[in-house]
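Student: curious how this folds, go ahead:
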Amino acid sequence: MYEFLAVASKEITTSAPSTNAFLTNTFLAQVIAGIIIAFAASLFTVWFALKRFRTERWWDRKADAYSSILEALHYAKQGTLECLDKRMDQLSNQLREKMKAAWNEIHKAINTGSFLLCRDARKALDALTEATNKTMTPTGNNFDFNAALKVQLKAVNRCLEVLPLIAKKDLSVK
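Tutor: The predicted structure follows:
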């Protein structure tokens, strides 16, 4: 009878190490799988975060561009109104500089507009410069500066009406 217990005990002890090896291999496989899953999840998280960062940064740049254009249009309008009230040589140096900077900003936006602005915004700015260039270019001896300023003011006002709506649509702002 003791021999039977000794043989049974021997079988149990010889089979126990294979069970431990199986448990060790299963545990090791779970740890490796967990590491791989964690690495893949972190890669996807970083990728999505960078994509979101780039999108938000692009939105910020577009919003800044629209803001600077609208500010420039404001100064162009203010300068044009002052020109209609006074003669050009009576304008203050500060307003003259702001008006010059405003038109420079508008022309810069037109030149670099394809990079940041949507097609409708570029069309609105193109219409503004087209109207301004037509009226501000003398075509003979009978150049009417006040009429040219009125056309310019109308074009600036039109751009100021349309551009904020275009910017809101482009930036998905309500």
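Student: and the helices in this structure, which stretches?
Tutor: Ranges of helices within the chain are 2-85, 93-116, 119-136, 145-171, based on DSSP state H.
Student: pull out the buried residues from the second one.
Tutor: Using 16 or more other C-beta atoms under 10 Å as the burial criterion, the residues of helix 93-116 that qualify are 98-99, 102-103, 105-106, 109-110, 113, 116. In this view, the C-beta of every residue, glycine as well, is placed from N, C-alpha and C.
Student: so which one among these has the lowest pLDDT?
Tutor: Here the lowest pLDDT out of these sits on Gly113, with 70.
Student: hmm, Lys123 and it touching each other?
Tutor: No - counting by C-beta atoms under 8 Å, Gly113 stays clear of Lys123, with 9.7 Å between them.
Student: for the protein, which residues score under the pLDDT cut-off?
Tutor: Judged by pLDDT under 70, the chain has its weakly predicted residues at 1-23, 87-91, 136-143.
Student: try it again at 80.
Tutor: For the chain, the stretches with pLDDT under 80 are 1-25, 27, 50, 53-56, 86-96, 98-99, 112-115, 134-146, 174.
Student: what is the nearest of the buried residues of helix 93-116 to Ala63?
Tutor: Leu116 (9.7 Å; C-beta to C-beta).
Student: how much space separates Arg119 from Gln94?
Tutor: As judged by C-beta to C-beta, to the nearest Å, Arg119 and Gln94 stand 35 Å apart.
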